[in-house]
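[1] coords please:
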Amino acid sequence: MTTAPVEDQRRLLDLQALDTRIAKLAHQRRTLPVLATLAELDGRAEDLHRAQVEARTVAADTRRELTKAESDVEQVRSRAARHQKQLDSGQGLSRELVALQNELGQLAERQGVLEEIELEIMERMETAEARVAELDAQEKALSADVERHTAERDAAFADLDAEAEKVAAERAEVAGRIDGDLLDLYEYARSRTGGLGVVGLHGHRSEGAQIDFSLSELAAIDAAAPEEVLLSEEHGYILVRLDEQ
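    A predicted model of the protein is given here:
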C-alpha cells in the first residue's frame, strides 16, 4: 500500500492541470492553421518550380531554333546579294547571267519560305518568353506569401513557446513540493494512460474522467485512510479524494 500526505495527493491535481496545459500548448504548436498553409504553399512552390524548368527549357530550345532560322535567312540573303551584284556588273557569259537570274528567283522563293518559318518561330518565342515571365511573377508572389506566413508562424511559435516555458516553470515548482514516490507513481500512471495520471473524487463521483467503479472499489474508497493512495483498477489513474475526510 502506498501512502502520501493528503496535501501532496491534492497537489497532483494542480500538477495534472499544468501537464494538460503543456500538452495543449504542444498540440496547438503542431496544429497551427498556418502550418497547413505553409505546407500547401510548399507544394505549390514545387509544382511551380517544375513548370518553370519546363518553360525555360522550351524558351531555350525555341531561342536556338530561332537563331538557326535567322542564320538560314541571312545565308540566302547574302547569296542573293552576291548574285545580284554580279548581275548588276554585267560581267560573265550570257548563259551564266541567265543562270544567275534563275537562281535569284529560286533564292527569293527560298527566302520567303525561310522568313515564314522565322516568323512562326518568333511567335512561339514570344509565347515561351511570356510563359516564363508569367511563372516568374507567380514565383515572386508565392515567395511573398511564404515570407508573410512564415513570419506569422514564427510569431505564433514564440507566443506558445513563451507560454509553455512559463507553465513548465510553474510545474517544476509544484512538482518540487510533492513526495518523490508519489510523483513517480503519477508519472508512471501518465505514461500508461497517455497523459492523464490523476482523477479527483467527490464521494463516488469522478472529476476529470468518467469512471464506473465496481462495488468492491467503492467499498475500498470508503474504507481507505486519508493518506492511502488509491488507484483505479481499470485505468490505473491515481484517485484523489476532494471531500473532507
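
[2] what separates the longest helix seen in the chain from the chain centre, distance-wise?
    What stands out as the longest helix in the chain, according to DSSP state H, is helix 94-175. Its chain's average C-alpha position is 22 Å from that of helix 94-175, according to CA atoms, centre = their mean, to the nearest Å.

[3] other SSEs contacting it?
    Under the contact definition 3 or more CB pairs under 8 Å, 6 or more residues apart in numbering; DSSP states H and E, helix 94-175 sits against helix 6-30, helix 33-89. (Each C-beta comes from the backbone N, C-alpha and C, glycine too.)

[4] which helices and strands sit right next to the shortest one?
    When contacts are defined as 3+ CB pairs under 8 Å, 6+ apart, helix 6-30 packs onto helix 94-175, helix 180-193, strand 198-202, strand 238-241.

[5] and it, how far out from the chain's middle?
    Mean-position distance between helix 6-30 and its chain equals 30 Å (CA atoms, centre = their mean).

[6] Would you mind listing the buried residues in that helix?
    Buried positions in helix 6-30, judged by neighbour count with 16 or more other CB atoms under 10 Å: 8-9, 11-19, 21-22, 25, 29.

[7] Of these, which is the nearest to residue 129?
    Distance ranking of the buried residues of helix 6-30 against residue 129, using CB to CB, places residue 29 first at 44.7 Å.

[8] quick one: the residue lying closest to that closest one once chain neighbours are set aside from residue 151, how far?
    Distances taken as CB to CB, 6 or more residues apart in numbering put residue 160 closest to residue 29, at 4.9 Å, once the chain neighbours are dropped. As judged by CB to CB, to the nearest Å, residue 160 and residue 151 stand 15 Å apart.

[9] Pick out whichever of the two has more residues nearby.
    Neighbours were counted for residue 160 and for residue 151 using other CB atoms under 10 Å; residue 160 has more, 16 against 11.

[10] now for the helices and strands packed on helix 94-175, which one comes closest to residue 217?
    Ranking the helices and strands packed on helix 94-175 by proximity to residue 217 (CB to CB) places helix 6-30 first, at 17.2 Å.

[11] Give me the contact list for the closest one.
    Outside helix 6-30, the residues that touch it by CB atoms under 8 Å, 6 or more residues apart in numbering are 156-157, 160-161, 163-164, 167-168, 170-171, 174-175, 177-179, 182, 186, 190, 195-198, 200, 208, 226-227, 229, 238, 240-242, 245.

[12] how about 6 Å then?
    160, 163-164, 167, 170-171, 174-175, 178-179, 182, 186, 195, 198, 200, 226, 240 (CB atoms under 6 Å, 6 or more residues apart in numbering).

[13] quick check: domain ranges of the chain?
    Annotated domains of the chain cover 6-26+179-241, 32-166 [automatic domain parsing].

[14] Quick one: the ones you listed as JSON lines, columns for mean pLDDT too.
    As requested, the domains of the chain are arranged in JSON lines below (pLDDT from 0 to 100):
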{"stretch": "domain 6-26+179-241", "mean pLDDT": "92"}
{"stretch": "domain 32-166", "mean pLDDT": "90"}
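
[15] hey, which of these is tucked in deepest?
    Across the domains of the chain, averaging neighbours per residue (mean count of other CB atoms under 10 Å) puts domain 6-26+179-241 on top, at a mean of 16.

[16] how far out from the middle of the chain is that domain?
    The answer for domain 6-26+179-241 is 39 Å, by CA atoms, centre = their mean.

[17] quick one: terminal-to-terminal distance for that domain?
    For domain 6-26+179-241, the first and last residues are 9 Å from each other (CA to CA, to the nearest Å).

[18] Distance check, the spatially most central residue of the chain against residue 149.
    In the chain, the centroid-proximal residue (CA atoms, centre = their mean) is residue 39; its distance is 2.1 Å. Counting by CB to CB, the gap from residue 39 to residue 149 is 10 Å.
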